[in-house]
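Novice: predicted structure and sequence below. I'll ask about it afterward.
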Amino acid sequence: MLISSINPANNQVIKQYNAHTADEVAKKINQTHQAWLQWHNTSFQERSALLHKLAEQLETRKNELAHLMAIEMGKPLNQGIGEAEKCAAVCTYYADNAESFLADQLIETEASKSFVTFQPIGTVLAVMPWNFPFWQVFRFLAPALAAGNCGVLKHASNVPGCALIIEEMVKAAGFPAHVFQTLLVGADAVEQIIEHPYIKAVTLTGSNGAGSKVAAKAGELIKKTVLELGGSDAYVILADADLDHAAHICVESRLINGGQSCIAAKRFIVVKDAEDEFTRLFVDKMAAKVMGDPLQGGVDIGPQARVNLRDQLHQQVEDSIAKGAKLLLGGKVCGGPGAYYPPTVLSNVKKGMPAFDEELFGPVAAIISATDEAEAIALANDSNFGLGAAIFTKDQARGEHIAATQLEAGSCFVNALVKSDPRLPFGGIKQSGYGRELGMFGIHEFVNIKTVFVG
Ligand SMILES: O=CCCCC(=O)O
């Protein structure tokens, strides 16, 4: 089987790779397990030094990595450089903090000594998406290696070049052979990989369909999973919000990575008194964004990652309009072979329309009107998803209360854009998944939280 890397800006094949056979996959998993038998006995100092070296690799090679992201999945160069820098930051963060996060914890009991120790579990399978082809992998890999685990990666099939260069950088940083390997396989190989006895757990970032299948297989085999799935993040704009600031943040969030992010803002729920002014500001700022070749400077959004994904997004827009949504901006498929789709704004969006009920994975904003704060919060929560949410108000205490206690999501921000940060736990509730990545909570997901009792 061939895995093809296709440039979404012109739909031309960049390179084709031979997929690994089942035997090759089994051999690689075995190699990684053998590596783990040594790796889990290394000290935090050794792991930390290597993670610092990996951060150096990412910094040194960031232009090359950004170019690869641009041609494989359409990310503008400056955003790719930012992504490589964030990967370096997460390596440095766990290099500096893993030891304290995983330090033994003494607990007083009738024992002469009792304590909790955090021990590595083995090889973790990571199933990762194309939208942040480096960050999604490093978000898993840095804490995994820091904790003494090893990893194998099944990356999205449209970013094989990114997948292979990660393996190359891990080697170049000086990590022992095989502690991390890329498996070039299609989605249909994943169940068999999970069945391998040396795969101890699975982390997946991706669609709900993929998450459900992986969790079902892993559950059947009693293997732990962490799932980071879709989102339809609501940004709630109250009447007392700074509307220019709110519109600016909402546009930035909606257009993260050309709109292809699980934590991009998707539903903008505006209290009636603020609606006209917010909508005017929002549409102006969306219209000012520049779409174009991701290899050129000054571009805000490149093509969508694949033509079929762009077409699916357009269908969601058309179906929403057919059900009564009003098109204020964009909404037209661009000509030419590239997967381009322009910044698009829909208003009058209501429950029952794809723009309200489904995840719109592209630069399409849904403006939803609410009579008051209570209705705005109810609409925000009226979703199967629960990844991120934001609230905009000049009353900071009220914003904090709503973020902490009213909005149903894993990360709730006040007057700010929902983003991941190596220091803060990241993950969702409801259909957006379970488990947490990043911060101290993230590194605790794939360790044996072991009790030791000395009588
Ligand atoms: O699709 C999910 C994107 C997550 C990006 C992040 O961790 O910032």
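Specialist: On my side now, so go ahead.
Novice: look up how far Met69 lies from Lys419.
Specialist: According to Cβ to Cβ, to the nearest Å, Lys419 stands 18 Å off from Met69. For every residue, glycine as well, the C-beta is placed using N, CA and C.
Novice: same thing with Leu204?
Specialist: Counting by Cβ to Cβ, the gap from Leu204 to Met69 is 21 Å.
Novice: sorry, back to before: what about Lys419 and Met69, which has more around it?
Specialist: Met69 (29 against 16; other Cβ atoms under 10 Å).
Novice: tell me the contacts of the more buried one?
Specialist: Neighbouring residues of Met69 by Cβ atoms under 8 Å, 6 or more residues apart in numbering: Lys75, Gly80, Glu83, Pro133, Phe134, Val159, Cys162.
Novice: who wins for neighbours among those?
Specialist: Neighbour-wise, the contacts of Met69 (other Cβ under 10 Å) top out at Lys75, 30 neighbours.
Novice: got the phi and psi for the nearest residue to it once chain neighbours are set aside?
Specialist: Taking Cβ to Cβ, 6 or more residues apart in numbering, and ignoring the residues beside it in sequence, Lys75 has Met69 as its nearest neighbour in space, at 4.3 Å. Per-residue torsions, Met69: phi -60, psi -40 (degrees, to the nearest 10).
Novice: can you pull out the low-pLDDT segments for the stretch 151-300 of the chain?
Specialist: Along the stretch 151-300 of the chain, the model assigns pLDDT under 70 to no residue.
Novice: for it, give the residue positioned nearest to the ligand.
Specialist: Cys262 (3.1 Å; Cβ to the nearest ligand atom).
Novice: Three-state assignment for that residue, please.
Specialist: Classification of Cys262 by DSSP: H, G, I helix; E, B strand; the rest coil places it in coil.
Novice: quick one, what contacts it?
Specialist: Asn131, Thr205, Glu228, Leu229, Gly230, Gly231, Glu359, Leu387, Ser432.
Novice: ok but the fifth one is inside a helix, no?
Specialist: It stands for Gly230. No. With three-state DSSP as the criterion, Gly230 is coil rather than part of a helix.
Novice: which stretches in the stretch 151-300 of the chain count as helices?
Specialist: Per DSSP state H, counting those that start in this stretch, the stretch 151-300 of the chain carries helices over the ranges 160-172, 190-195, 208-220, 243-254, 272-287.
Novice: elements contacting the second one?
Specialist: Judged by 3 or more Cβ pairs under 8 Å, 6 or more residues apart in numbering; DSSP states H and E, helix 190-195 is in contact with helix 22-39, strand 123-127, strand 150-154, helix 208-220.
Novice: which one of those is the most hemmed in?
Specialist: Greatest average neighbour count among the helices and strands packed on helix 190-195 goes to strand 123-127 (a mean of 27), per mean count of other Cβ atoms under 10 Å.
Novice: which residues are in contact with it?
Specialist: Taking Cβ under 8 Å, 6+ apart as the rule, strand 123-127 contacts 29, 32-33, 36, 137, 140-141, 144, 149-154, 190, 193-194, 198-206, 210, 214, 446.
Novice: try it again with 7 Å
Specialist: 29, 32-33, 36, 137, 140, 144, 149-154, 190, 193-194, 198-204, 206, 210, 214, 446 (Cβ atoms under 7 Å, 6 or more residues apart in numbering).
Novice: which residue is nearest the centroid of this protein?
Specialist: Centroid-nearest residue in the chain: Gln136, 5.4 Å away (criterion: Cα atoms, centre = their mean).
Novice: pLDDT value on the nearest residue to that residue once chain neighbours are set aside, please?
Specialist: Using Cβ to Cβ, 6+ apart and skipping residues adjacent in sequence, the residue nearest Gln136 is Met128, 4.6 Å away. Note for Met128: predicted pLDDT of 98.
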